[in-house]
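# Only the shape, not the letters, is given here:
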């Protein structure tokens, strides 16, 4: 927006008569003052708002690999703690995955350069950091409302909600490489998300990235090796007073476990709870009744080896403390949807607080460490432990 206004003023300018000062001192013929884009660095909550035109210019430069200082991530280099932004990896080692990615990207550029389709809105990228002493103690809250569905997707049925990006700590993950899971697909359907890689430092455990106003450009089918770009998407989402679309995405990175058993420790469960809470926390100036629900699913599962049953409980707890309802999509897994719904109803009907559930999960970690080869099922253990608690009331 800054650049477009400055350029517009310059183009409307005229040479003024000489009146004791050189004509080149006139504001009408001065080139716009260009400032570097501020970086969203760790340990600071701050935001950047860019026009969609600015984003398209930055992504065009990334496509042509014109950010030379971003070609290395060697330890000690200037941008070692930032994601890559140049598109160079997409141009080597041809593969079906990369072909489909490029189809989505070319369609984006075709749209933003079209006379009748050039976008004119704004997008805000906000890094949120919560100081460690301000994180919850996970005690007294009760669970909020939960809707579980095996059908639907976060971006479609979650319209109007806070939509979770199952992120990598380097936002965008492998979108400019070979990666093609939930985060990468979302970045390809909404390519303006890719620009976040230019200025967003690696996310710390108490941080998230929230993006407001993003536009969707494409329709796709499949996942990983079956992913296919299918065609254009016309995004008719309404806009706010800033001309940002009513679409908000939050990037939260789950832990990645080489050994899935590692997730059953007190430290790792608390870390995931804190990370989810940072992403789910509502604006303290917004009443809970006016705060949208969260659209999520099997966060940190799949390639990160997370347990869907555990991650569902963790997100229920974080949503409760954040005072937000939860819409949970299991992406076609009807059995999991029934299990999660049954577990939720049991906890809700027995008035199990977040604090009690947190204690049960800690106890399960102890049980798991004592029986690593044949531990009891998580939901079975939780149900029995919650029943004991209820009988003691």
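Looks like it came in fine. Since the structure is predicted, the reported quantities are computational estimates derived from the model, not experimental observations.
# how many other residues sit next to residue 351?
13 (other Cβ atoms under 10 Å). For glycine as for every other residue, the C-beta is placed from the backbone atoms N, C-alpha and C.
# what do you get for residue 117?
For residue 117, the neighbour count with other Cβ under 10 Å is 12.
# With residue 46 instead?
13.
# again, but for residue 368
By other Cβ under 10 Å, the residues close to residue 368 number 17.
# List the contacts of it.
Residue 368 is in contact with 261, 264, 375, counting by Cβ atoms under 8 Å, 6 or more residues apart in numbering.
# Which stretches in the stretch 151-300 of the chain count as helices?
Secondary structure of the stretch 151-300 of the chain by DSSP state H, counting those that start in this stretch: the helices cover 182-189, 196-199, 266-280.
# so how far is residue 226 from residue 141?
For residue 141, the distance to residue 226 equals 40 Å [Cβ to Cβ, to the nearest Å].
# quick one, which of these two is more surrounded?
When residue 141 and residue 226 are compared on other Cβ under 10 Å, the one with more neighbours turns out to be residue 141, at 17 against 10.
# isn't that one right up against residue 321?
Yes: A contact is recorded between residue 141 and residue 321 when judged using Cβ atoms under 8 Å, the distance being 5.1 Å.
# hmm, back to that, counting neighbours, which of the contacts of residue 368 end up buried?
Neighbour counting with 16 or more other Cβ atoms under 10 Å marks 264, 375 as buried within the contacts of residue 368.
# Just the angle for the helix or strand containing residue 314 relative to helix 266-280, thanks.
For residue 314, the element it lies in under DSSP states H and E is helix 308-321. Helix 308-321 runs at 50 degrees relative to helix 266-280, counting by axes from the mean of the first three to the mean of the last three Cα atoms, to 10 degrees.
# Domains in the protein, by residue range?
1-35, 36-391 (automatic domain parsing).
# How about the secondary structure of residue 83?
Using DSSP: H, G, I helix; E, B strand; the rest coil, the three-state assignment for residue 83 comes out as coil.
# how far away is it from residue 203?
When Cβ to Cβ is the yardstick, residue 83 and residue 203 sit 10 Å from each other.
# Am I right that residue 198 is in contact with residue 62?
Yes: using Cβ under 8 Å as the test, residue 198 is close enough to residue 62 to be in contact (7.1 Å).
# Identify the contacts common to residue 83 and residue 203.
In the contact map built from Cβ under 8 Å, 6+ apart, the residues linked to both residue 83 and residue 203 are 170, 171.
# List the contacts of residue 127.
With contacts defined as Cβ under 8 Å, 6+ apart, the neighbours of residue 127 are 40, 41, 44, 45, 46, 47, 200, 207, 208, 209.
# what's it sitting at in phi/psi?
phi -90, psi 130 (degrees, to the nearest 10).
# Residue 148 now?
Reported as degrees, to the nearest 10, the phi and psi values for residue 148 are phi -120, psi 130.
# now swap in the one 10 residues further on and tell me
According to degrees, to the nearest 10, the main-chain angles of residue 158 amount to phi -90, psi 10.
# In space, what's closest to it - neighbours in sequence excluded?
Using Cβ to Cβ, 6 or more residues apart in numbering and skipping residues adjacent in sequence, the residue nearest residue 158 is residue 295, 2.7 Å away.
# Pretty sure the one you found sits against residue 166.
No: the pair formed by residue 295 and residue 166 falls short of the contact definition of Cβ under 8 Å, at 11.8 Å.
# Quick check: the gap between residue 258 and residue 273.
21 Å.
# I meant residue 315, not that one.
The span separating residue 315 from residue 273 equals 9 Å under the rule Cβ to Cβ.
# which one of these two has more residues nearby?
Just comparing residue 315 and residue 273: by other Cβ under 10 Å the higher neighbour count belongs to residue 315, 28 against 22.
# Relative to residue 106, how far out is the residue most central in space within the chain?
If you average the C-alpha coordinates of the chain and look for the closest C-alpha using Cα atoms, centre = their mean, you land on residue 251, 2.0 Å from that point. The spacing between residue 251 and residue 106, counted by Cβ to Cβ, is 25 Å.
# Columns mean pLDDT on top of the domains of the chain, output as JSON lines?
What follows is the domains of the chain, written out as JSON lines (pLDDT from 0 to 100):
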{"stretch": "domain 1-35", "mean pLDDT": "42"}
{"stretch": "domain 36-391", "mean pLDDT": "95"}
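# any idea which of those is most buried?
Per-residue neighbour counts averaged over each of the domains of the chain give the maximum for domain 36-391, namely a mean of 18 (mean count of other Cβ atoms under 10 Å).
# returning to what we had before: which neighbours do residue 141 and residue 321 share?
Both residue 141 and residue 321 are in contact with residue 354, where contact means Cβ under 8 Å, 6+ apart.
# Now list whatever residues contact both of residue 198 and residue 62.
Joint contacts of residue 198 and residue 62 (Cβ under 8 Å, 6+ apart) are residue 85.
# From residue 284, how far off is residue 78?
Relative to residue 284, and taking Cβ to Cβ, residue 78 is found at 36 Å.
# again with residue 312
Distance, residue 312 to residue 284, by Cβ to Cβ: 27 Å.
# Ok, residue 217 next?
The spacing between residue 217 and residue 284, counted by Cβ to Cβ, is 34 Å.
# Tell me where the stretch 1-150 of the chain has helices.
Along the stretch 1-150 of the chain, the stretches classed as helices by DSSP H, counting those that start in this stretch are 2-12, 52-63, 96-112.
# Could you dump these into a markdown table with distance to residue 360 added?
Shown next, in a markdown table, are the helices of the stretch 1-150 of the chain (distance: least, Cβ to Cβ, whole Å):
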| stretch | distance to residue 360 |
| --- | --- |
| helix 2-12 | 52 |
| helix 52-63 | 45 |
| helix 96-112 | 41 |
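# Great, nothing more from me.
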